[in-house]
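1. My questions concern the predicted model and sequence given below.
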Amino acid sequence: MDARKTKRFDAKKKWPLILTAAAVVLIITGVTVLAYQYLFIREINFYGNRHLSGDELRKLTGCSTSSRLFSVSATEIYSRLRKSPWIKQAIVRKDLTGRMDVYITEAVAVSVLMTGENPYLVDRDGVILEEMKKTQVYFLPLIRIDNESAREAFHEAVELAGALQDGKVAAQSGNIEITGTRPEDITLRFDDIVARMGAGEFAKKIEKLYFVKEEISKRNMKVEYVDLRFADKIVVKPLSHGGDADTQADAAGKTRKARPKKSGNKGAGGRAKGNVG
């Protein structure tokens, strides 16, 4: 008998809890239905956007001040925004006052890709952002590499363009051009200097380029190209009017040592080599 009474007593204690839980569920459901029907977006704010305008972002979200606040989830709005290559990240926040705040992280263009006659803005991940008008001035490095047939070279060129931007490298002529069909062939045209950069370690190579550019300016030299692909030296080929001449300068800038010119060596083609720093 005692066991039966205990079970009946426990059952009576459970019913208030069940009824309370049911009431809470009904209240939440009612509030949700009312909020969906009667709460609207009254204000949309965007933060962090520099390239995309507020109107462009509103079109991407698909929301307006007449949209219901909970008709579209924050996750769905984020997915819509990410369809634009310009948007790298987004955080969407809504509150019951009808305010929606969107925090944007935009892509940064580091170069202009020329495919045929069509210029495109490209970010540091190699993503094509948008096509440019042909009349626009290119202040970014110009990449003349086929991003389809020479993908590895293209991504190395984009990495080089990013390193140039990080180092705030700007040409006096406003013209920086990157070419090459293979990563080891990546070449940078910087003002009146042609620099063979190769692949990787671009920050160090840019420092070497500044060093050799100053040396060339001091000596008033005209060079055909500068080769920065070696770890322990810089190769400079002067632009000669008679016979060709190759000059090597180590990255530390050692003193000049010139070898006598060999005129009778057919294998050398009448070229003279020397070390300058």
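-> Thanks, I have it.

2. Give me the three-state assignment for Ala130.
-> Small correction: residue 130 is Glu, not Ala. strand (DSSP: H, G, I helix; E, B strand; the rest coil).

3. residues touching the closest residue to it other than its chain neighbours, list them.
-> Distance criterion CB to CB, 6 or more residues apart in numbering; nearest residue to Glu130, sequence neighbours excluded, is Leu121 at 5.5 Å. Where C-beta positions appear, they are placed from N, C-alpha and C, glycine not excepted. For Leu121, the contacting residues are Ala109, Ser111, Val112, Leu113, Ile128, Leu129, Glu130, Glu131, Met132, Leu140, by CB atoms under 8 Å, 6 or more residues apart in numbering.

4. was I right about the third one contacting Asn118?
-> No - the pair Val112 / Asn118 is not scored as a contact, 10.4 Å apart, by CB atoms under 8 Å.

5. These two: which is more packed in?
-> Neighbours per residue (other CB atoms under 10 Å) separate Val112 from Asn118, with Val112 holding more: 21 against 10.

6. pretty sure the more buried one is in a helix, no?
-> No - checked against three-state DSSP, Val112 lies outside a helix; its state is strand.

7. List the contacts of it.
-> With CB under 8 Å, 6+ apart, Val112 has these contacts: Pro119, Tyr120, Leu121, Val122, Met132, Tyr138, Leu140, Pro141, Leu142, Ile143.

8. Hmm, which of those residues is lowest in pLDDT?
-> Ranked by pLDDT, those bottom out at Tyr138, which has 67.

9. what's near enough to touch the residue nearest to Leu164 when sequence neighbours are not counted?
-> Using CB to CB, 6+ apart and skipping the chain neighbours, the partner closest in space to Leu164 is Pro141 (5.7 Å). By CB under 8 Å, 6+ apart, the contact list for Pro141 reads Val110, Ser111, Val112, Leu160, Ala161, Leu164, Ile176, Glu177, Ile178.

10. Please tell me how far Pro141 sits from Gly162.
-> 9 Å (CB to CB, to the nearest Å).
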